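K.L.:
below are the sequence and a predicted model; questions follow.
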Amino acid sequence: MFIAAQRALLDRLERFAETEDYRRLQAAVASMAAGEFDDWLAEWLIQPSFGLRELPIDAVARLGGIELVEQHLMQSAAFNG
C-alpha cells in the first residue's frame, strides 16, 4: 500500500510539473536560488509542510492555493538559502 501511495504521489507531481502553476513556482524560487533548484522544488512539493498543514502538492489544487503555496515556498527558499 505504501508503494502504491508513493507512486500515486509522484504521478501527481509529474502531472503538476507540466502546468503553468509549476512554472510559476519555478520562477519564484529561481529568483532566490543559485544553481539546481528543480530537485529541491519537487521534493518540497511532496513533503508535509507545517505552515500549510498539508502537502504543498495538495494545497495547490485548492482555490487560492497556488498563491498560498508560492508564499510558503518563498519563505522556505529564503530559510534554506
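P.N.:
All right, it came through fine.

K.L.:
flag the shaky bits of this protein, pLDDT-wise.
P.N.:
Regions of the chain meeting the criterion pLDDT under 70 cover residues 32-35, 77-81.

K.L.:
quick check: Ala5 vs Asp21, distance?
P.N.:
Taking CB to CB, to the nearest Å as the measure, Ala5 and Asp21 are separated by 23 Å. The way it works is simple: take the backbone N, C-alpha and C, and place the C-beta from them, glycine included.

K.L.:
comparing those two, which residue is more hemmed in?
P.N.:
More neighbours surround Asp21 than the other of Ala5 and Asp21, with 16 against 9 (other CB atoms under 10 Å).

K.L.:
and the more buried one, what element?
P.N.:
Assessed by DSSP states H and E, Asp21 sits inside helix 20-30.

K.L.:
so after that helix, what's the next helix or strand?
P.N.:
Using DSSP H and E, the first helix or strand after helix 20-30 is helix 38-45.

K.L.:
CA atoms only: put that following helix into PDB for me.
P.N.:
Extracted in PDB, the C-alpha atoms of helix 38-45 (Å, rounded to 0.1, in the frame of the first residue of the first chain):
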ATOM      1  CA  ASP A  38      14.300  21.700  -9.700                       C
ATOM      2  CA  ASP A  39      15.000  18.700  -7.500                       C
ATOM      3  CA  TRP A  40      14.600  20.800  -4.300                       C
ATOM      4  CA  LEU A  41      11.200  22.200  -5.600                       C
ATOM      5  CA  ALA A  42       9.900  18.700  -6.500                       C
ATOM      6  CA  GLU A  43      11.000  17.300  -3.100                       C
ATOM      7  CA  TRP A  44       9.400  20.300  -1.300                       C
ATOM      8  CA  LEU A  45       6.100  19.900  -3.100                       C
END
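
K.L.:
show me what it is packed up against.
P.N.:
helix 2-16, helix 20-30, helix 56-59, helix 65-80 (3 or more CB pairs under 8 Å, 6 or more residues apart in numbering; DSSP states H and E).
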